[in-house]
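Asker: have a look at this prediction, sequence included:
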Amino acid sequence: MAMTQKEFNKIVASHTLWLTGKGGNRANLCQAILTGANLTGATLTWAELLAYGDMVYLKTMQLDKWAIGYTYDTLQIGCQRHPIAKWNKWGTPTGRRWIAQMAPDALEWADRNLALILQVIERNPAKLPNRP
């Protein structure tokens, strides 16, 4: 059953207290179904999260230590979310410097995995959502 907005807001409020050292509890949303929830403004830094895409509009996977998610135009690897077009430039000198600044082992990881991930995205694109 999907979590209600009121339940979600209560968890976020408690998590905010925990983050600021004022009590509360660290948010654990690993089993939460957040379909339809409004996450705008929710601070979930250090919250325990495990997100799966719907595999139509949001596709997800995991390689080594970083979770990967993508939409029709955006790719997120770990906490780095950028347009797919920007990730496609990772092999250029500028792109390599950009990735090297992300984390100590990011460039080595990208050299091993990023071409494959971009190929998966090209062959299995996420759909563009219908907008009202």
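Answerer: Structure's in. What do you need?
Asker: could you look up the SS state of the closest residue to Ala42 other than its chain neighbours?
Answerer: In this structure, Ala42 finds its nearest non-sequential neighbour in Val12, 4.7 Å apart by CB to CB, 6 or more residues apart in numbering. Using the backbone N, CA and C atoms, a C-beta is placed for each residue, glycine as well. Under DSSP: H, G, I helix; E, B strand; the rest coil, Val12 falls in the helix class.
Asker: distance of Val12 from Thr4?
Answerer: Shown here: Val12 relative to Thr4, a distance of 13 Å by CB to CB, to the nearest Å.
Asker: between these two, which has more neighbouring residues?
Answerer: Set side by side, Val12 and Thr4 show more neighbours around Val12, with 19 against 11, by other CB atoms under 10 Å.
Asker: so the more buried one touches Asn25, yeah?
Answerer: No: shown here, Val12 and Asn25 do not form a contact pair, counting by CB atoms under 8 Å, at 11.1 Å.
Asker: buried ones in the lengthiest helix in the chain?
Answerer: The residue-count maximum for a helix in the chain (DSSP state H) belongs to helix 106-123. Judged by neighbour count using 16 or more other CB atoms under 10 Å, the buried positions of helix 106-123 are 106-107, 109-110, 114, 117-118, 121.
Asker: low-confidence regions, this protein specifically.
Answerer: For the chain, the stretches flagged by pLDDT under 70 are 1, 50-53, 131-132.
Asker: which parts of it are helices?
Answerer: Listed in chain order, the helices of the chain (DSSP H) span residues 5-19, 84-87, 93-100, 106-123.
Asker: packing partners for the third one?
Answerer: Read it as helix 93-100. helix 106-123 (3 or more CB pairs under 8 Å, 6 or more residues apart in numbering; DSSP states H and E).
Asker: quick one, the helix it packs on and helix 93-100 angle?
Answerer: 110 degrees (axes from the mean of the first three to the mean of the last three CA atoms, to 10 degrees).
Asker: export helix 106-123 to PDB, keeping only CA atoms.
Answerer: As requested, the backbone C-alpha atoms of helix 106-123 are provided in PDB (Å, rounded to 0.1, in the frame of the first residue of the first chain):
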ATOM      1  CA  ALA A 106      34.900   7.700 -10.400                       C
ATOM      2  CA  LEU A 107      37.100   7.900 -13.500                       C
ATOM      3  CA  GLU A 108      38.300   4.300 -13.200                       C
ATOM      4  CA  TRP A 109      34.700   3.200 -12.700                       C
ATOM      5  CA  ALA A 110      33.600   5.300 -15.700                       C
ATOM      6  CA  ASP A 111      36.300   3.800 -17.900                       C
ATOM      7  CA  ARG A 112      35.100   0.300 -16.900                       C
ATOM      8  CA  ASN A 113      31.300   0.900 -17.000                       C
ATOM      9  CA  LEU A 114      30.100   4.100 -18.600                       C
ATOM     10  CA  ALA A 115      30.200   3.100 -22.300                       C
ATOM     11  CA  LEU A 116      28.200   0.000 -21.400                       C
ATOM     12  CA  ILE A 117      25.600   2.000 -19.500                       C
ATOM     13  CA  LEU A 118      25.200   4.500 -22.300                       C
ATOM     14  CA  GLN A 119      24.800   1.600 -24.700                       C
ATOM     15  CA  VAL A 120      22.100   0.100 -22.500                       C
ATOM     16  CA  ILE A 121      20.300   3.500 -22.400                       C
ATOM     17  CA  GLU A 122      20.500   3.800 -26.200                       C
ATOM     18  CA  ARG A 123      19.100   0.300 -26.800                       C
END
